[in-house]
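Peer 1: would you be able to build a 3D model of this:
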Amino acid sequence: MPATSPFGRLISAMVTPLHADGSVDLDPMPPSASPRISWMPGTTDSSSTARRGESPTTTDAEKADLVRAVVEAVGDRARVTAGTGTNDTAHTIELTRAAVAAGADGVLLVTPYYNKPPQAGIRAHFTAVADAADVPVMLYDIPGRSGVPITTESLIALSAHPAITAVKDAKGDLWAATEVMSATDLLWYAGDDAAALSHLTQGAHGLVGVTTQVAPTVYADLFAALDAGDLASALATHRRLVPLVNAVMNLTQGAISAKAALRELGILESATVRLPLVEATDDEVAALRAALEGLDLL
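Peer 2: Numbers count the residues shown, from 1 in each chain. Purely as a prediction, here's the structure:
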């Protein structure tokens with residue numbers, strides 16, 4: 001795999017800070033935008049992806065404002081990748097151009113959701129957006145949310161596009177990932193926190209995670225151990241993360257839990273989410289707090 005990436009290696013799928021009334025809160029962007037980048041070892045190439053969680057319910061103007069705020073907050077300490085994918089190719093192109101104009105270093109394109117296009121349509125969609133993008137493109141394969149996978153054959157075909165350079169894999173098929181990595185130069189990223197070590201040990205370049213913004217130093221330790229060839233230490237760190245990953249990813253929707261955890265850490269003042277999401281329950285917050293305490297993060 002290439003030693004460098006236009007996206008970084010340890011990436012956080014950021015939450016969208018909101019005021020208690022549900023309006024976008026750009027004030028806390030500096031601490032929340034950088035997933036505590038200053039804590040990261042110099043060998044860990046970090047990055048942020050903007051708009052996790054509230055992306056389906058933010059306006060186009062809010063999306064651009066968020067990208068611009070994140071870019072201003074992190075400066076040259078990290079690369080900012082904007083999630084611009086929708087199930088409408090023309091709208092995705094508009095959002096991509098707006099994100100690039102706002103300063104995004106790259107874009108993340110999810111598979112068109114709900115309309116369940118055939119593979120020919122998926123390839124045409126990604127190609128059209130990549131043709132219009134002036135920045136590197138990361139494809140996001142998450143059939144659990146989009147309803148359809150990006151097949152191995154489609155990924156191999158799309159790898160020929162010069163702008164399509166990476167894949168965020170939340171498909172859960174490690175063998176398919178191996179097939180694509182063996183046949184292409186695509187930079188591979190684990191897109192599921194629980195599968196991070198599995199992907200990394202079979203050649204993935206990095207991780208786009210949710211719990212990474214809650215426990216950045218722990219994930220930095222995992223990467224450092226792998227870079228040093230110390231699989232035993234990496235495995236031990238991976239197992240230390242079990243309670244946190246379970247609390248953030250498995251009790252309720254990930255953005256809900258991540259916001260609650262960031263509020264517990266004092267990074268966000270509000271854990272407000274927009275309907276149809278609802279805030280974490282007391283029991284869910286208690287589980288998050290216990291997991292954070294177990295990692296000595298509180």
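
Peer 1: touching, G85 and T92? I think so.
Peer 2: Yes. Contact criterion CB atoms under 8 Å: G85 and T92 qualify, at 5.7 Å. (Glycine included, C-beta is placed from N, CA and C.)

Peer 1: those two - which one has more neighbours?
Peer 2: Neighbours around G85 and T92, counted as other CB atoms under 10 Å, are more numerous at G85. The numbers are 27 against 23.

Peer 1: contact partners for that one?
Peer 2: Neighbouring residues of G85 by CB atoms under 8 Å, 6 or more residues apart in numbering: 92, 107-112, 129, 140.

Peer 1: and those residues, which is closest to A190?
Peer 2: A190 lies nearest to Y140 out of those, by CB to CB, at 12.1 Å.

Peer 1: need the residues touching each of G85 and T92.
Peer 2: 109, 129.

Peer 1: from N250, how far out is V71?
Peer 2: To N250, V71 is 32 Å away according to CB to CB, to the nearest Å.

Peer 1: D76 now?
Peer 2: Taken as CB to CB, the span from D76 to N250 is 36 Å.

Peer 1: okay, these two: which has more neighbours?
Peer 2: A side-by-side neighbour count of D76 and N250, using other CB under 10 Å, places N250 first with 12 against 5.

Peer 1: got the phi and psi for the more buried one?
Peer 2: Backbone torsions of N250, given as degrees, to the nearest 10, read phi -110, psi -10.

Peer 1: again with S182
Peer 2: According to degrees, to the nearest 10, S182 has phi -80, psi -20.

Peer 1: then I11?
Peer 2: The phi/psi pair for I11 (degrees, to the nearest 10) reads phi -120, psi 140.

Peer 1: that one bridge partners, please.
Peer 2: In this entry, I11 is beta-bridged to S47, V208, by DSSP bridges.

Peer 1: how deep is it tucked in, by neighbour count?
Peer 2: If you count neighbours by other CB under 10 Å, I11 ends up with 30.

Peer 1: for I256, same thing?
Peer 2: Neighbours around I256, by other CB under 10 Å: 21.

Peer 1: which strands and helices lie in contact with the helix or strand where it lies?
Peer 2: Element membership for I256, per DSSP states H and E: helix 254-264. Applying 3 or more CB pairs under 8 Å, 6 or more residues apart in numbering; DSSP states H and E, one finds that helix 254-264 contacts helix 282-294.

Peer 1: for the helix it packs on, name the packing helices and strands.
Peer 2: helix 242-245, helix 254-264.

Peer 1: specify the stretch among the ones you listed that is closest to T58.
Peer 2: helix 254-264 (11.9 Å).

Peer 1: what's the angle from the closest one to helix 282-294?
Peer 2: Relative orientation of helix 254-264 versus helix 282-294 (axes from the mean of the first three to the mean of the last three CA atoms, to 10 degrees): 60 degrees.

Peer 1: so how far is stretch 207-225 off the chain centroid?
Peer 2: Stretch 207-225 has its average C-alpha position 12 Å from the chain's average C-alpha position, going by CA atoms, centre = their mean, to the nearest Å.

Peer 1: give the buried residues for that stretch.
Peer 2: 207-216, 218-225 (16 or more other CB atoms under 10 Å).
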